[in-house]
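Novice: how would this look folded up:
(chains A and B)
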2 protein chains.
Amino acid sequence: MVFWKRLFNPPSDSVPSASPSQFKGELLEVKGRADSQWRIFFSTERDIDLYELEELCDAVGWARRPLRKVKRALAYSFLVVSMWEVKGNQRRLVGFARATSDHAFNATIWDVVVHPRCQSQGLGKALMKYMIRQLRSEDISNITLFADPQVIDFYRRLGFVLDPEGIKGMFWYPD
Amino acid sequence: MVFWKRLFNPPSDSVPSASPSQFKGELLEVKGRADSQWRIFFSTERDIDLYELEELCDAVGWARRPLRKVKRALAYSFLVVSMWEVKGNQRRLVGFARATSDHAFNATIWDVVVHPRCQSQGLGKALMKYMIRQLRSEDISNITLFADPQVIDFYRRLGFVLDPEGIKGMFWYPD
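Specialist: From the prediction side, this is the model:
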């Protein structure tokens, strides 16, 4: 069984840490995984290969978006978190999320994605906890998102509240 | 009766326009108002007096927030819209709204407020239409907000959709 230990309070000797390939990121400590060369890292670096990100989004069936707009969205997001599978000197993008914010009160999380091959192993949960920890470290207290019906329970288990005090998410789309 | 004419397609000779007091902003054309000196202007300038904004928020009973955080939130919002009542050389802040955004796909509107004295005259609607028009002019297609129960119908009338395809607004708060 694979599980993740103390993501919110990682031991000081392991975070931040560099992979054997000097990949800059924060190591997610994995217990019970037979392959000791296998590592999961989080990064807040923004220089993500847009084609690699597109490939990840393709893998979960998202509609393609113009790369120039994706590039702009990444540049103007408050927080961009990528999740990497590292084996030896190889790394592969397996998760992603980003947040917009006013840098003071509110943040809204968008584009949460985990590669299907890496799902059901707690990595989505770990990614979201990493996001929340980063936002909290910036003193953002109101973290919001818009959840598709099939992931509402996933977010609920992470402590997200649905329609608190009757507050409703609303959308305006062009005609 | 007071009503607002063609806010989305204002006549070219009236927008943008300066008030008699050279106040920079976009004039909202008002019909049927007896007092011809009375004007409503919109502005996207960010140099709003924070105490004046606090006074407006006080008037609708909002909890006070640290001004240094409000200042930061205004600086890092994608769009800040203020609504001003102008009489002769006097101007007064009577409405406000702002939006965070990734400058590409999504925007989220926060802190929509209209002074109680100016409510029920269509000014909140005009303010929101102005916000939407500004966001659309920046090619933002996904405009979102979180609506308190008592204003859901107000936003619905402006074209906002509640929980489209079961998508739900969710909130995470610190313990």
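Novice: roughly how far is stretch A:134-146 from the heart of the chain?
Specialist: 13 Å (Cα atoms, centre = their mean, to the nearest Å).
Novice: can you list contacts of that stretch?
Specialist: A:44, A:78-79, A:81, A:99, A:101, A:103-110, A:112, A:132, A:155, A:160, A:169, A:171, B:108, B:144, B:146, B:167-174 (Cβ atoms under 8 Å, 6 or more residues apart in numbering or on different chains). Where you see a C-beta, it was placed from the backbone N, CA and C, and this is true even at glycine.
Novice: CA atoms only for that stretch, dumped as PDB, please.
Specialist: Taking C-alpha atoms only, stretch A:134-146 is exported to PDB below (Å, rounded to 0.1, in the frame of the first residue of the first chain):
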ATOM      1  CA  GLN A 134       1.000  27.300   0.000                       C
ATOM      2  CA  LEU A 135      -2.000  29.600   0.000                       C
ATOM      3  CA  ARG A 136      -2.200  29.600   3.800                       C
ATOM      4  CA  SER A 137       1.500  30.500   4.000                       C
ATOM      5  CA  GLU A 138       0.600  33.600   2.000                       C
ATOM      6  CA  ASP A 139      -2.100  34.400   4.600                       C
ATOM      7  CA  ILE A 140      -5.000  33.700   2.200                       C
ATOM      8  CA  SER A 141      -7.900  32.700   4.300                       C
ATOM      9  CA  ASN A 142     -10.800  32.300   1.800                       C
ATOM     10  CA  ILE A 143      -9.900  29.500  -0.600                       C
ATOM     11  CA  THR A 144     -12.500  28.700  -3.100                       C
ATOM     12  CA  LEU A 145     -13.100  26.500  -6.100                       C
ATOM     13  CA  PHE A 146     -15.800  25.300  -8.500                       C
END
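Novice: give me the buried stretch members for that stretch, please.
Specialist: A:134-135, A:140, A:142-146 (16 or more other Cβ atoms under 10 Å in any protein chain shown).
Novice: need those in JSON lines with distance to A:Gly88 and secondary structure, can you?
Specialist: Formatted as JSON lines, the buried residues of stretch A:134-146 follow (distance: Cβ to Cβ, whole Å; DSSP: H, G, I helix; E, B strand; the rest coil):
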{"residue": "A:Gln134", "distance to A:Gly88": "27", "secondary structure": "helix"}
{"residue": "A:Leu135", "distance to A:Gly88": "32", "secondary structure": "helix"}
{"residue": "A:Ile140", "distance to A:Gly88": "36", "secondary structure": "coil"}
{"residue": "A:Asn142", "distance to A:Gly88": "41", "secondary structure": "strand"}
{"residue": "A:Ile143", "distance to A:Gly88": "35", "secondary structure": "strand"}
{"residue": "A:Thr144", "distance to A:Gly88": "39", "secondary structure": "strand"}
{"residue": "A:Leu145", "distance to A:Gly88": "35", "secondary structure": "strand"}
{"residue": "A:Phe146", "distance to A:Gly88": "38", "secondary structure": "strand"}
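Novice: is the residue in chain A that chain B sits nearest to in a bridge, and if so with what?
Specialist: Closest approach between chain A and chain B, counting by Cβ to the nearest Cβ: A:Gly169, at 2.5 Å. Taking DSSP bridges, one obtains B:Phe146 as the residues bridged to A:Gly169.
Novice: count of neighbours near it?
Specialist: 26 (other Cβ atoms under 10 Å in any protein chain shown).
Novice: A:Met131 too?
Specialist: 25.
Novice: quick one, what contacts it?
Specialist: Contacts of A:Met131 by Cβ under 8 Å, 6+ apart are A:79, A:81, A:97, A:99, A:109.
Novice: check which helix or strand covers it.
Specialist: A:Met131 belongs to helix A:123-137 when assigned by DSSP states H and E.
Novice: and that helix, how far out from the chain middle?
Specialist: For helix A:123-137, the distance to the chain centre is 7 Å (Cα atoms, centre = their mean).
Novice: could you do stretch A:64-80 as well?
Specialist: 15 Å.
Novice: what about it, start to end distance?
Specialist: 19 Å (Cα to Cα, to the nearest Å).
Novice: for it, which positions count as buried?
Specialist: A:70, A:72-74, A:77-80.
Novice: among those, which are in helices?
Specialist: A:70, A:72-74 (DSSP state H).
Novice: if we can go back for a sec, out of the buried residues of stretch A:64-80, which touch chain B?
Specialist: A:70, A:72-74, A:77-78 (Cβ under 8 Å from any Cβ of the partner chain).
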